[in-house]
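S.K.: Sequence first, then the predicted structure, then my questions.
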Amino acid sequence: MLKRALWVDSTLKVVLAIAFLTSVLLTFGIFNLASNAGTGTTGVEDLQLQNSLFQPRQFLYTDKSGDSYQYNLSTKQEGKIIDLLSTAEFGSFREDEYNNRSLADLLSQPETVVLHYSDVTPVAYFNGHSEDTNRHIKNKNFDYVIFSIHGGHNVYFVDSRQGTVNQTTFKQVNWHRIQAAVNDWGDSQPVIFAPIKNQINVLYSQSFSRPVYTYQIHTSSVDDFNAAMLGSVNQFSTSKVGDLQNYHNNYSGQSNTYHPNNQTLVFQSENEVADPAKTYLGRLKVSFDQLEVLKKELPNLGLFQSSDHGGTISFRTYVDNVPIFFDGGLPTLTSQIDDKGRRQATYKLEGLGIPAPNSEGQVKLDSTNTVLKKLNNSQKSENSYQQLMVGYVWQVNKDNKNLVDLVPTWMVQDKNGTWYSLDDYLERTQTD
């Protein structure tokens, strides 16, 4: 009996050791698999998450007379047009170079639909076309998709950063149903296509209004992030320096640092990888695989901006396809990766909970040209800002600290990459 008990005890210890090692390897593997995906293929991914992260943020249509409009679509209307395009099969591609004037003409062709994305996106991520996309085109980037409903059904993938246009056709698309879907679009604002800072943009030609929203503030648990990113508690150690709380995985070398002052969590991995992702598509794949683990903690998230071939990528929470700017212009997530595969990611733990009643109504916003005049009349030089767009500013409710008001305003990005509300930016021009 004693021998049997000893055998059972020894066997149990071995099983527990194997289970623990498996847990460590799984945790390490999940958060390091993407770093070795230097090929940049999208693999077997959550298609719903993919379409959410890389979806158009402006839906535009130019009518028969050549007037262009941006439409404010419901979730159902957006889903319908995206579903109708998801069946598309690409024809052959032809690449051409365009200047800003010819791009503006192309974008405003009569009876064309334009889908505008927040930043350039690889063609491989267009509506789930990850594996069937021609391998020579999947690394090509676009931030506008133009398709004509009538005639030859030509489709154009526009990269406004580079001024390149890849022309193709869509097969297996029901154009009559797409026309019917577009006919169902309702509320709109007139727009024109013109360059800002030498890059083509969608300009609002008249003033327009956006609603103020109020939500309960939902703060994600640091423990939940640690469990997803670092593994079980027995795999990492903790330490504290001032207000900062550090969690370090003793096996993978990865760590999370909690910053309570701005409710962020900073993930770091100093591990170099054998075949690091160096293309924009490959680095998006790294971010995507990380987000698959955390998708429950980061709802309504979408691509916002990228730089350095994906070396830095930011994602924001969107409401009505309008990005949210936290205090200091912070995004919801910033992902960074270097040429050796070492990574850092900063996550905003605060997010949107349940919608709450709001009595603020609508905020009237200036036309784009009015905003440009204000910027050009300020004491700053024209080269002091990079971009401007409409965004929602995160403002904690004055009467209830558990609520947040999302207030629409024009946002301006300065030359250092920091985002400010237009009023704050203009105020800084008086003091700098």
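M.R.: It's in.
S.K.: Any stretches of the stretch 301-432 of the chain with poor pLDDT?
M.R.: For the stretch 301-432 of the chain, the stretches with pLDDT under 70 are 379-383, 431-432.
S.K.: repeat that with 50
M.R.: Residues of the stretch 301-432 of the chain meeting the criterion pLDDT under 50: none.
S.K.: Would you state the helices of it in chain order?
M.R.: Shown for the stretch 301-432 of the chain, the helices assigned by DSSP state H, counting those that start in this stretch span residues 368-377, 422-431.
S.K.: The ones you listed: which one's closest to Ala345?
M.R.: Ala345 lies closest to helix 422-431 among these, at 26.6 Å (CB to CB). C-beta coordinates here come from the backbone N, C-alpha and C atoms, glycine included.
S.K.: Could you pull out the buried residues of the closest one?
M.R.: Across helix 422-431, burial judged by 16 or more other CB atoms under 10 Å covers Leu422, Tyr425, Leu426, Arg428, Thr429.
S.K.: With distance to Asn99 added, can I get the residues you listed in a markdown table?
M.R.: Output for the buried residues of helix 422-431, formatted as a markdown table (distance: CB to CB, whole Å):
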| residue | distance to Asn99 |
| --- | --- |
| Leu422 | 29 |
| Tyr425 | 29 |
| Leu426 | 31 |
| Arg428 | 33 |
| Thr429 | 31 |
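S.K.: residue closest to the middle of the protein?
M.R.: By CA atoms, centre = their mean, the chain has its centre lying nearest to Leu303, at 1.2 Å.
S.K.: Confirm for me that that one is in contact with Ser118.
M.R.: Yes - contact criterion CB atoms under 8 Å: Leu303 and Ser118 qualify, at 5.9 Å.
S.K.: sorry, back to before: export the helices of the stretch 301-432 of the chain as TSV, with columns for distance to Glu78.
M.R.: Below are the helices of the stretch 301-432 of the chain laid out as TSV (distance: least, CB to CB, whole Å):
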stretch	distance to Glu78
helix 368-377	23
helix 422-431	27
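S.K.: so who does Leu333 touch?
M.R.: Listed by CB atoms under 8 Å, 6 or more residues apart in numbering, the contact set of Leu333 reads Leu291, Leu298, Leu301, Ser314, Phe315, Ala345, Thr346, Tyr347, Lys348.
S.K.: Leaving aside the residues adjacent along the chain, what's closest to the third one?
M.R.: Using CB to CB, 6 or more residues apart in numbering and skipping residues adjacent in sequence, the residue nearest Leu301 is Phe315, 5.1 Å away.
S.K.: residues near that neighbour, how many?
M.R.: By other CB atoms under 10 Å, the residues close to Phe315 number 25.
S.K.: who's it bridged to?
M.R.: Leu303, Leu333 (DSSP bridges).
S.K.: what does Phe267 give?
M.R.: Bridge pairing for Phe267 - DSSP bridges - gives Asn256, Ala345.
S.K.: got the contact list for it?
M.R.: Contacts for Phe267 (CB under 8 Å, 6+ apart) come out as Met229, Gln254, Ser255, Asn256, Arg343, Gln344, Ala345, Thr346, Tyr347.
S.K.: Report the buried members of these.
M.R.: Met229, Gln254, Ser255, Asn256, Arg343, Ala345, Thr346, Tyr347.
S.K.: And the first one, how far from Phe304?
M.R.: For Met229, the distance to Phe304 under the criterion CB to CB, to the nearest Å works out to 21 Å.
S.K.: what do you get for the fourth one?
M.R.: Taken as CB to CB, the spacing of Asn256 relative to Phe304 amounts to 22 Å.
S.K.: can you check the third one too?
M.R.: Between Ser255 and Phe304 the computed distance is 25 Å (CB to CB).
S.K.: picking that back up, name all residues that make contact with the residue nearest to the centre of the chain.
M.R.: Contacts of Leu303 (CB under 8 Å, 6+ apart): Leu53, Phe54, Tyr117, Ser118, Asp119, Thr121, Leu284, Ile313, Phe315.
S.K.: and with 6 Å instead?
M.R.: Leu303 is in contact with Leu53, Phe54, Ser118, Phe315, counting by CB atoms under 6 Å, 6 or more residues apart in numbering.
S.K.: what bridges to the spatially closest residue to His259 that is not a sequence neighbour?
M.R.: Closest residue in space to His259, ignoring its immediate chain neighbours: Leu244 at 6.2 Å, by CB to CB, 6+ apart. Leu244 has the following beta-bridge partners by DSSP bridges: Val241.
S.K.: Neighbours of Asp223, how many?
M.R.: For Asp223, the neighbour count with other CB under 10 Å is 10.
S.K.: Just the C-alphas of the helix or strand where it lies, formatted as PDB.
M.R.: In this structure, Asp223 sits in helix 222-229 according to DSSP states H and E. Written as PDB, here are the backbone C-alpha positions of helix 222-229 (Å, rounded to 0.1, in the frame of the first residue of the first chain):
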ATOM      1  CA  VAL A 222      -5.800  44.200 -14.800                       C
ATOM      2  CA  ASP A 223      -6.100  40.600 -13.700                       C
ATOM      3  CA  ASP A 224      -8.000  39.700 -16.800                       C
ATOM      4  CA  PHE A 225      -5.400  41.300 -19.100                       C
ATOM      5  CA  ASN A 226      -2.600  39.600 -17.100                       C
ATOM      6  CA  ALA A 227      -4.300  36.200 -17.400                       C
ATOM      7  CA  ALA A 228      -4.700  36.600 -21.200                       C
ATOM      8  CA  MET A 229      -1.200  38.000 -21.800                       C
END
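S.K.: quick one: buried residues of that helix?
M.R.: Neighbour count says helix 222-229 has Val222, Phe225, Asn226, Ala228, Met229 buried, by 16+ other CB under 10 Å.
S.K.: Got phi/psi on the closest residue to Asn198 other than its chain neighbours?
M.R.: Distances taken as CB to CB, 6+ apart place Asn100 nearest to Asn198, at 7.0 Å, with adjacent residues excluded. Backbone geometry at Asn100, expressed as degrees, to the nearest 10, gives phi -60, psi -40.
S.K.: And Asn100, what's its pLDDT?
M.R.: Looking at Asn100, its pLDDT stands at 95.
S.K.: pretty sure it is in contact with Pro195, am I right?
M.R.: Yes - because the distance of 4.4 Å satisfies CB atoms under 6 Å, Asn100 is recorded as touching Pro195.
S.K.: how about the contacts of Phe267 in CSV, adding distance to Lys64?
M.R.: Output for these, formatted as CSV (distance: CB to CB, whole Å):
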residue, distance to Lys64
Met229, 53
Gln254, 57
Ser255, 59
Asn256, 55
Arg343, 50
Gln344, 51
Ala345, 47
Thr346, 47
Tyr347, 47
